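Trainee: Predicted model, plus sequence, below.
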Amino acid sequence: NNQIAAKAVCFKEALSKDFQDYTAQILKNASALSNSFINEGLRVVSGGTTNHIVLVDTNSVDEELTGKDAGILLNEMGITLNRNAIPFDERSPFITSGIRMGTPAATTCGMKEGELIKVGYLISEILKNRSDSNKLDELKIFCEFPDNPAIMAPTIITDEIALVTDISGVCREGVTLHTT
């Protein structure tokens, strides 16, 4: 039976050291992403994370920002994530007051904590500056992933933080932070 064989392969893989290292990295990455949002002044709904998901309250950017608007903006910038309701959300499930990110996809691309800290900073900057088209154009450079990794070393300094786009050589199609 194919289902039994598939389960056997899955269980064998789950016992491997590589898979255990991969799952540990997923959790480290989620923690780094969560801490990055907190350091940038965004509210992580649970105060942090102990699993692979980070849920950010868009009201912590400002009261007008919805999860839907944040998701659309970030998608336009090349960052894919999900809108999500937060506890006691007054907005409808189709609009929401939160965005949800999972780290398995980024971890599969080879990203580590340093890259997820940068991704958190980048998302925070995009949301905080969503009304400033010049700033968004500047930030969009870091969301575009050229085919030639040698091109992707631009650096900007904003708020005394150097953001180097060394993540582009790993994932060329953009950053995907979503869960199923």
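Mentor: Right, received. Where do you want to start?

Trainee: Any idea how many residues pack against Glu138?
Mentor: 15 (other Cβ atoms under 10 Å). Using the backbone N, CA and C atoms, a C-beta is placed for each residue, glycine as well.

Trainee: Over to the one 3 residues further on?
Mentor: Residue neighbour count, defined by other Cβ under 10 Å, stands at 12 for Ile141.

Trainee: And Asp21, by the same measure?
Mentor: Burial of Asp21 is recorded as 10 neighbouring residues (other Cβ under 10 Å).

Trainee: now the one 3 residues further on
Mentor: Burial of Ala24, expressed as a neighbour count using other Cβ under 10 Å, amounts to 11.

Trainee: Which of the helices or strands spans it?
Mentor: helix 17-39 (DSSP states H and E).

Trainee: swap in Tyr121?
Mentor: Secondary structure from DSSP H and E places Tyr121 in helix 113-128.

Trainee: In terms of secondary structure, what does the helix or strand just after that helix contact?
Mentor: Beyond helix 113-128 in the direction of the C-terminus, DSSP H and E gives the next helix or strand as helix 133-140. Secondary structure elements in contact with helix 133-140, counted by 3 or more Cβ pairs under 8 Å, 6 or more residues apart in numbering; DSSP states H and E, are helix 113-128.

Trainee: Tell me what angle the helix it packs on forms with helix 17-39.
Mentor: With axes from the mean of the first three to the mean of the last three Cα atoms, to 10 degrees applied, the angle from helix 113-128 to helix 17-39 works out at 40 degrees.

Trainee: Identify each buried residue in helix 113-128, please.
Mentor: Neighbour-count burial for helix 113-128 flags 113, 115-128 (criterion: 16 or more other Cβ atoms under 10 Å).

Trainee: and which of these is nearest Glu64?
Mentor: For these, the minimum distance to Glu64 (Cβ to Cβ) is 11.4 Å, reached by Leu127.

Trainee: and the gap between the closest residue to the closest one other than its chain neighbours and Pro104?
Mentor: Spatially, and ignoring its direct neighbours in sequence, Leu127 is nearest to Val61 (4.7 Å; Cβ to Cβ, 6 or more residues apart in numbering). Going from Val61 to Pro104 by Cβ to Cβ, to the nearest Å gives 25 Å.
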